[in-house]
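Chemist: Here's a sequence, model it:
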Amino acid sequence: MIGALAAVYGFVAVAAAALGAHVVVLEGKPLAWFDTATRLLMFHALALLLLSAQIRQRPVLLLRWIALGMNLGVWLFCGALYALAFGAPRALAHLAPIGGSALMLSWLLWFWAHLRLRL
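Modeler: Down below sits the predicted model:
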């Protein structure tokens, strides 16, 4: 399931990049938000593919929690930035730091898992 989500995220990131290059007209901060969301979405799609492979090799609960944190982070961080880029209420901006924190915590836990589990 994690690998499937990673593939969907990769697809959405490429589609967003194509739309941004050819269809969507954004300037200033909205363009920066769109670009950041697209870039981080692709990075985390690739990270989740790797994490999915590690979970198949060693189905450890900690790795599943890391995947959950990354998915939550992607939805909150990238989702908030995409929404803001397209004119959503600025109140959604408060979701981005929560999502970013979830992403950073997931990366730190993954680092710790590598040390602890010798992945």
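Chemist: Every contact and neighbour count from this point should use C-alpha atoms.
Modeler: Will do.
Chemist: Return the set of buried residues in whichever helix or strand residue 46 is part of.
Modeler: Residue 46 belongs to helix 28-57 when assigned by DSSP states H and E. Neighbour counts using 16 or more other C-alpha atoms under 10 Å place 30-31, 33-35, 37-42, 44-49, 51-52, 55 of helix 28-57 among the buried residues.
Chemist: measure residue 35 to residue 84 for me?
Modeler: Here residue 35 is placed at a distance of 12 Å from residue 84 (C-alpha to C-alpha, to the nearest Å).
Chemist: count of neighbours near the residue lying closest to residue 93 once chain neighbours are set aside?
Modeler: Leaving aside its chain neighbours, residue 93 sits nearest to residue 80 (6.1 Å; criterion: C-alpha to C-alpha, 6 or more residues apart in numbering). By the other C-alpha atoms under 10 Å criterion, the neighbourhood of residue 80 contains 25 residues.
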